[in-house]
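Kindly generate the corresponding structure for this input.
(one chain, ligands or ions: 1)
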Amino acid sequence: MPEDAEGPSYNADGVAQLEAIWGEGFMSPGGADEVARIVAGAGIAGADVLEIGSGIGGAAIELAIEHHARSVTGVDVEAYVVERATERAPVGANIRFIVIEPGPLPFADESFDVVFSKDVIIHVADKKALYAEAYRVLRPGGRLCVGDWLRGEGDIFDALVETFITNSGEEFYMQTLADLGSIVASVGFSDIELEDRRDWYLDEAQHELARLRSSLRDHLVERLGQQSYDATVVFWETLVDALQQGAFRPGHVRARKP
Ligand SMILES: C[S@@+](CC[C@H](N)C(=O)[O-])C[C@H]1O[C@@H](n2cnc3c(N)ncnc32)[C@H](O)[C@@H]1O
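Numbering: from 1, shown residues only. Below is the predicted model of the structure:
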């Protein structure tokens, strides 16, 4: 992240801010309900699940405890969030969190029944390589269940989402839902289902912005300082704008390894 950037990032302050907006354990919108929607029909009960980009652990714990996965392995490139996730994991639950380097996944072929990821792959430039890795580590018949932040079709993307990326301070590599489907197919997945979540998140993000300006304001100003709070509000205004114009369109992909 650029040193002078402001807005969400994955350090202690950034994570505190995201949790205040999105709920304990989560660094992305929708919480347990959105996790359930992404994995619908994947057969999590009894499965060995890999979560790519597990953040502070909310989804992994949900998959283990509420969806009864046999094991959940969460990997993330940030040591800070892996530490936080590990602290949060219930004792005795079969959940582990591991710091990884970006690139090939440190697991043998056919190690998992499900690969899950939520709002992470936007940060990965070489998406085809990452989906090929997801395919490699899945067992035959295994399921891919991914939510991601995607861009809309057409020209309106450029100016608006550039601002959004600049404000966020993170690297974002956005693709369309159709491109995502093509990449997933190109690495070998079948039974591909794509779901646009723009309308849902537009509504959510408007509520998030309203809460940022009201009930969350004093807490965030105290925690982060006025300047950082103001940058966050600008970020969310841009987010809502981008959603309204269809330049930013979160989506889900579900697929099967034959
Ligand atoms: C928006 S957060 C989402 C975290 C979590 N999935 C959630 O929904 O709460 C994105 C996460 O992706 C992680 N990340 C970024 N690039 C990654 C990569 N190449 N491999 C694994 N994790 C990555 C970040 O460190 C961060 O924890």
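
okay, CA-based contacts and neighbour counts for the rest of this
Fine.

Now do the helices in the stretch 151-258 of the chain.
157-168, 177-186, 198-213, 217-224, 226-244 (DSSP state H, counting those that start in this stretch).

now check the lowest-mean-pLDDT helix or strand in the chain, is it near the ligand?
Within the chain, no helix or strand scores below helix 157-168, which has a mean of 69 by mean pLDDT, DSSP states H and E. No. Using C-alpha under 6 Å from any ligand atom, helix 157-168 never reaches the ligand; the gap is at least 11.0 Å.

what comes up buried for that helix?
157, 160-161, 164-168 (16 or more other C-alpha atoms under 10 Å).

what's the closest of the residues you listed to the ligand?
In terms of C-alpha to the nearest ligand atom, no member of the buried residues of helix 157-168 lies closer to the ligand than Ser168, at 11.0 Å.

how much space is there between that closest one and Arg198?
For Ser168, the distance to Arg198 (C-alpha to C-alpha, to the nearest Å) stands at 19 Å.

before we move on, the earlier item: need the buried residues of helix 157-168 in a markdown table with distance to Ser111, can you?
Compiled in a markdown table, the buried residues of helix 157-168 are given as follows (distance: C-alpha to C-alpha, whole Å):
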| residue | distance to Ser111 |
| --- | --- |
| Phe157 | 38 |
| Leu160 | 40 |
| Val161 | 37 |
| Phe164 | 37 |
| Ile165 | 35 |
| Thr166 | 38 |
| Asn167 | 38 |
| Ser168 | 35 |
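
So what's the residue count around Ala129?
15 (other C-alpha atoms under 10 Å).

Dump the helix or strand that contains it to CSV, restricted to CA.
Applying DSSP states H and E as the criterion places Ala129 in helix 127-137. The C-alpha coordinates for helix 127-137 follow below in CSV (Å, rounded to 0.1, in the frame of the first residue of the first chain):
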residue,chain,number,x,y,z
LYS,A,127,-6.4,-14.5,-11.3
LYS,A,128,-6.0,-17.4,-13.7
ALA,A,129,-3.0,-18.7,-11.7
LEU,A,130,-4.9,-18.4,-8.5
TYR,A,131,-8.0,-20.3,-9.8
ALA,A,132,-5.7,-22.9,-11.3
GLU,A,133,-4.2,-23.4,-7.8
ALA,A,134,-7.7,-23.7,-6.3
TYR,A,135,-8.5,-26.3,-8.9
ARG,A,136,-5.2,-28.2,-8.2
VAL,A,137,-5.8,-28.5,-4.4
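
Let me know the next secondary structure element after that helix.
Criterion used, DSSP H and E; the element after helix 127-137 is strand 138-148.

Show me what that next one pairs with in its sheet, parallel or antiparallel.
If you go by DSSP bridges, strand 138-148 pairs up with strand 112-118 (parallel), strand 251-256 (antiparallel).

Ok, which of the ones you listed comes nearest the ligand?
Comparing those by C-alpha to the nearest ligand atom, strand 112-118 comes nearest, at 4.4 Å.

Close to the ligand: what parts of the protein are there?
26-28, 52-55, 75-78, 102, 117-120, 123-124.

One more pass at 8 Å, please.
Near the ligand, the residues belonging to the chain are 10, 25-29, 31, 51-59, 75-78, 81, 100-103, 117-124 when assessed by C-alpha under 8 Å from any ligand atom.

So which of those residues sit within strands?
Those of the residues of the chain next to the ligand mapping onto strands are 51-52, 75-76, 117-118, per DSSP state E.

Reformat these as JSON lines; add pLDDT.
Formatted as JSON lines, these follow (pLDDT from 0 to 100):
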{"residue": "Glu51", "pLDDT": "98"}
{"residue": "Ile52", "pLDDT": "98"}
{"residue": "Val75", "pLDDT": "98"}
{"residue": "Asp76", "pLDDT": "97"}
{"residue": "Ser117", "pLDDT": "98"}
{"residue": "Lys118", "pLDDT": "98"}
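
Thank you, goodbye.
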